[in-house]
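**Student:** generate a structure from the sequence data that follows.
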Amino acid sequence: MFTCPRCKTPLKKQQSPSLGLTWICPSCHGRALTLELLRHLVPQPIANRLWQRARSGQYGSTCKCPACRRRMAEVPILATESKTVRLDVCTHCHFVGFDTREFEVLPKIRGGPLQLEVLPPKAREALALARLENLRRESQVMDIADPPDYWWQFAIAMLGIPIEHNDTPLRNRPLVTWTLAAVIAIVSLAAMTNLQAAVNTWGLIPAELGRHYGLTFLTSFFLHGGLFHLLGNLYFLIVFGDNTEDVLGKGRFLLLVATAALVGDITHILADPRTTVPCVGASGGISGVLAYYCLRFPSASVGIVWWFRSIRLPVAVMFALWVLWQAFEAFFIPVDISGVAWSAHLGGAAIGVLFWWWTRRAVSVGDWRTDTA
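**Tutor:** Numbers count the residues shown, from 1 in each chain. Sure, this is the predicted structure:
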C-alpha cells in the first residue's frame, strides 16, 4: 500500500482518461504519479530538467517515497507569482509527488497520454504497476536515458565524450574557469601558427627540467598538441569546472588546478626521467578537477551514446572506468608510442582525491610526437 509522503495517509488509486493512473491523498489532496507518465503530460524540457536536478544530489527532502520508502529529492521546477513549485522525486523508483494544487500549475501537453485508452481499466492499472517495478529495477543498474536535448550534445556523445547530467544551479559565475579556459585557448591557438617550434621551446622535457629556469612547468600547461587536444581539454574544464569552482570558491579551485597540474608533471617525469620528448597540455590539472567533481557530486550522472542509445551512468562508475583505463595505458603502453602522458593524468587525479578529502568538511559546513596531457 502506498502512503502519502506528507501526511502518511494511504493513497487511493485513481484512473483518469486524461491523466492515466495516479494516486491521490484523501487527506491533503496531494498527488503521486510515475515519471514515465509525467513525461506524457508535461513538455519534455520540464520533465528532463526535473529528473536531471533530482539526480544531481543537490536537493534533499524529509519526505519518503510512497513506493520504496527511500528519501526523495525536493526539486524546484517552476516559479509562479505566489511561490516556487517544488516537486518530490524518487530517483530509485521514479515516483513524483505533488502537494495540493502543484500539479495544476504545470504546463500540460494537449491530448495527454491516451495511448493506453484502448485497454480496459484493470489492464491499464496492471501495466502501470509493472512499468513502475521495471523502472525501479533498472534504476539500480543502468539508466536508459532520454536522448540529449540538443543536437550538439548528441554529436559529442557519439564521439564517446560524456555529457553532464548535473543540472545544479550555480550560485556564482565561474569566472576562474572561464578565464582559465580563455587563456588556454588564446595561447594554444597563437602557438599553432608555429606549433612544433613552440612545443620544442616551451614544452616540459623531463630530461631538461632546468630549461628557462623551470618556467616550462607553467608554459606547458597552456600549450596543446593540436586542435582536438585543445578542444577536448577545454570541454572537460568548462563542463566539470563550473560546479567545482562554485563549491570550492575561486581561490581553492585555482589551488586545486595548479597543484594537480604540478603533481601531474612530476608524476610524468618520474615515469620516464630520461626522455627528451616535450610534454604539453592541461590534462593533469583538469584530471584533478574531474576527480574532485566525481567525489563531490556522487549522485550526478553522465550520458553517453552506445549503439545509438542514450545511456546514463553514475559519475562514480565513469570515474572508476576512467582510472582503470589511465592505469592500463600508463603501465602497458609506452609514452613514445601513445603520445599521451597517462601518468600525468593519474597524478592530477590523485590530487583531486586528496583535495576532496581535505576540503570535504569545510565545504559541507560552508557549502561552498609530442606527449600530450
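**Student:** what's the offset of the helix or strand hosting residue 220 from the middle of its chain?
**Tutor:** For residue 220, the host element (DSSP states H and E) is helix 216-222. Centroid separation between helix 216-222 and its chain, computed with C-alpha atoms, centre = their mean, to the nearest Å, is 28 Å.
**Student:** other SSEs contacting the helix or strand just after that helix?
**Tutor:** Counting by DSSP H and E, the next helix or strand C-terminal to helix 216-222 is helix 227-248. The elements that helix 227-248 packs onto, with contact taken as 3 or more C-beta pairs under 8 Å, 6 or more residues apart in numbering; DSSP states H and E, are helix 175-191, helix 250-271, helix 283-296, helix 342-366. For the C-beta atoms, the positions are set from N, CA and C on the backbone; glycine is no exception.
**Student:** how close does residue 8 sit to residue 24?
**Tutor:** Distance from residue 8 to residue 24, counting by C-beta to C-beta, to the nearest Å: 15 Å.
**Student:** more neighbours, the two?
**Tutor:** Set side by side, residue 8 and residue 24 show more neighbours around residue 24, with 18 against 12, by other C-beta atoms under 10 Å.
**Student:** what's the closest non-adjacent residue to the residue nearest the centre of the chain?
**Tutor:** By C-alpha atoms, centre = their mean, the mean C-alpha position of the chain lies nearest to residue 164, the distance being 3.5 Å. Nearest residue to residue 164, sequence neighbours excluded (C-beta to C-beta, 6 or more residues apart in numbering): residue 239, at 5.0 Å.
**Student:** could you chop this protein up by domain?
**Tutor:** Using automatic domain parsing, the domains assigned to the chain come out as 12-141, 151-372.
**Student:** tell me which of these is the most buried.
**Tutor:** With neighbours taken as mean count of other C-beta atoms under 10 Å, the domains of the chain reach their highest mean count in domain 151-372, at a mean of 19.
**Student:** by mean pLDDT, point me to the weakest helix or strand of this protein.
**Tutor:** Across the helices and strands of the chain, mean confidence by mean pLDDT, DSSP states H and E is lowest for strand 143-144: a mean of 46.
**Student:** residues touching the nearest residue to residue 285 once chain neighbours are set aside, list them.
**Tutor:** Closest residue in space to residue 285, ignoring its immediate chain neighbours: residue 261 at 3.5 Å, by C-beta to C-beta, 6+ apart. Shown in contact with residue 261 (C-beta atoms under 8 Å, 6 or more residues apart in numbering): 221, 282, 284, 285, 288, 348.
**Student:** give me the pLDDT for residue 261.
**Tutor:** We note a pLDDT of 96 for residue 261 in this prediction.
**Student:** that one and residue 351, how far apart?
**Tutor:** Between residue 261 and residue 351 the computed distance is 9 Å (C-beta to C-beta).
**Student:** overlap in contacts of these two?
**Tutor:** residue 288.
**Student:** mind checking how far residue 39 is from residue 33?
**Tutor:** Here residue 39 is placed at a distance of 10 Å from residue 33 (C-beta to C-beta).
**Student:** again with residue 68
**Tutor:** Distance of residue 68 to residue 33, computed by C-beta to C-beta: 15 Å.
**Student:** swap in residue 260?
**Tutor:** 45 Å.
**Student:** same question, residue 241
**Tutor:** Taking C-beta to C-beta, one finds residue 241 at 37 Å from residue 33.
**Student:** cool, residue 252 as well?
**Tutor:** 42 Å.
**Student:** again, but for residue 232
**Tutor:** With C-beta to C-beta as the criterion, residue 232 and residue 33 are 41 Å apart.
**Student:** pLDDT score for residue 82?
**Tutor:** 64.
**Student:** run through the protein and note the low-pLDDT ranges.
**Tutor:** Across the chain, the ranges flagged by pLDDT under 70 are 1, 16-19, 79-82, 110-160, 165-169, 305-310, 332-340, 361-373.
**Student:** show me the contacts for the closest residue in space to residue 99 that isn't next to it in sequence.
**Tutor:** Of all residues not flanking residue 99 in the chain, residue 30 sits nearest, at 5.3 Å (C-beta to C-beta, 6+ apart). Residues near residue 30 by C-beta under 8 Å, 6+ apart: 4, 5, 6, 7, 24, 97, 98, 99, 100.
**Student:** try it again with 10 Å
**Tutor:** 4-7, 9, 11, 23-24, 66, 88, 97-103 (C-beta atoms under 10 Å, 6 or more residues apart in numbering).
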